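Trainee: have a look; sequence and predicted model below, questions after that.
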Amino acid sequence: MSISLSTPVTGGSQTGLTSPTYTVAVDVAPNAAGKQWVVTALGGTQASVDVHTPAKPFTVSVFRPMVMKTLPPYNSAVSILRNVPRNTYKVIVRKGLVPLTGQAPIVANFTLTMDVPAGADQYDPANIRAALSLLVGTMSQISSGLGDTMVTGTL
């Protein structure tokens, strides 16, 4: 995989966090089709935010499919591809959160899943990149508002 994180990672805008940054270190991913990093230090103003510990994890992982799927044989009599498989890529952030004062942390999972039709990597790579570009740009733009929605429950 050609994915790597340079440290520190600049965080997106969030209410109550000023210029957040996250120093990350390489960790062992849960499987061979992934890469993982742990947050070892925080930058900016992030009151009450914790770095990674075994009891209260703070990790980011990136996964590709264990086995890449390819297009099935083309049936020229039908002229339509049927049952096109998808290759699924994921980014998962895990963060231990305390649900109530005095209680043990419970791990929250923030999962971003990207399903790409097999064959598109070869025949339409520019549009894969355009879709990902829009996704990343949208997430960056809505970061603070999405955080507010998760805290207040209002959209």
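Mentor: Cool, got the structure.

Trainee: just how off-centre is stretch 126-135 within its chain?
Mentor: Using CA atoms, centre = their mean, to the nearest Å, the mean C-alpha position of stretch 126-135 is found 15 Å from that of the whole chain.

Trainee: just confirm residue 91 contacts residue 112, I think it does.
Mentor: Yes - judged on CB atoms under 8 Å, residue 91 makes contact with residue 112 at a distance of 4.5 Å. (Glycine included, C-beta is placed from N, CA and C.)

Trainee: how about the residue lying closest to residue 70 once chain neighbours are set aside, phi and psi?
Mentor: Nearest residue to residue 70, sequence neighbours excluded (CB to CB, 6 or more residues apart in numbering): residue 118, at 5.4 Å. Per-residue torsions, residue 118: phi -60, psi 140 (degrees, to the nearest 10).

Trainee: please report how far residue 118 lies from residue 74.
Mentor: In this view, residue 118 and residue 74 are 12 Å apart by CB to CB, to the nearest Å.

Trainee: neighbour count winner among these two?
Mentor: In this view residue 118 and residue 74 are compared by other CB atoms under 10 Å, and residue 118 has more residues nearby, 17 against 12.

Trainee: OK, contacts around the more buried one?
Mentor: Shown here is residue 118, whose contacts under the criterion CB atoms under 8 Å, 6 or more residues apart in numbering are 68, 69, 70, 71, 84, 85, 86, 87.

Trainee: need the buried ones from the residues you listed selected in ChimeraX.
Mentor: To isolate in ChimeraX the members of those that are buried, counting by 16 or more other CB atoms under 10 Å, one can use:
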select :87
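
Trainee: filter the contacts of residue 118 down to just the ones in strands.
Mentor: Helix and strand membership here follows DSSP state E; of those, those in strands are 86, 87.
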